[in-house]
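[1] Here is the input, now give the coordinates:
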Amino acid sequence: MRRVAKVVGFIGAAVALVWAMRDRFISVATSREPEPPAFRSEKDQPVPVTMIDGIGPVFAQRLTEAGLGDIQSLAAASPDQVAEAASVSAARARSWIELASRH
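    So this is what the prediction gives:
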């Protein structure tokens, strides 16, 4: 019985030592300092075209595939380019471009 108690005590001491030294065994390269939060302004974030009335997920996907996935690129595009990309009329494309330029 004493032998079992000694073995259990030895194993417990080894586990306690490893637990106390776990920071040394785990990657030393990881920083202990928390990373500061990244502050982003809303102007840095592209505004999706779905914010425009009349542009739903289907039209947004078509425009995104043509490289017009945000409001800034939509406002800079030509009506013919938007109409072809979204498969809509030129009048509808002009209204989207006008709404995008107001945004």
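[2] use CA for all of it now, contacts and neighbours both
    Noted.
[3] Helices along this structure, start to end?
    Remark: helices assigned in the chain by DSSP state H are 2-20, 22-25, 57-65, 71-76, 79-86, 90-102.
[4] got those helices as CSV, with mean neighbour count, distance to residue 48 and mean pLDDT columns?
    Shown next, in CSV, are those (neighbours: other CA atoms under 10 Å; distance: least, CA to CA, whole Å; pLDDT from 0 to 100):
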stretch, mean neighbour count, distance to residue 48, mean pLDDT
helix 2-20, 11, 49, 87
helix 22-25, 10, 44, 68
helix 57-65, 17, 8, 92
helix 71-76, 20, 6, 91
helix 79-86, 19, 15, 92
helix 90-102, 17, 10, 91
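[5] right, and these - which one's nearest residue 47?
    For the helices of the chain, the distance to residue 47 is smallest for helix 71-76, at 5.7 Å, taking CA to CA.
[6] Adding distance to residue 36, write the helices of the chain out as CSV.
    What follows is the helices of the chain, written out as CSV (distance: least, CA to CA, whole Å):
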stretch, distance to residue 36
helix 2-20, 28
helix 22-25, 22
helix 57-65, 33
helix 71-76, 30
helix 79-86, 41
helix 90-102, 34
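[7] can you tell which of the ones you listed is closest to residue 50?
    Among the helices of the chain, the nearest to residue 50 by CA to CA is helix 57-65 (6.1 Å).
[8] what does stretch 73-83 rub up against?
    Identification of contacts with stretch 73-83 by CA atoms under 8 Å, 6 or more residues apart in numbering yields 49, 63, 67-68, 88-94, 96-101.
[9] tell me how far that stretch is from the chain's mean position?
    Centroid separation for stretch 73-83 versus its chain: 26 Å, with CA atoms, centre = their mean, to the nearest Å.
[10] same thing with stretch 50-66?
    The answer for stretch 50-66 is 19 Å, by CA atoms, centre = their mean.
[11] Could you tell me the end-to-end distance of that stretch?
    15 Å (CA to CA, to the nearest Å).
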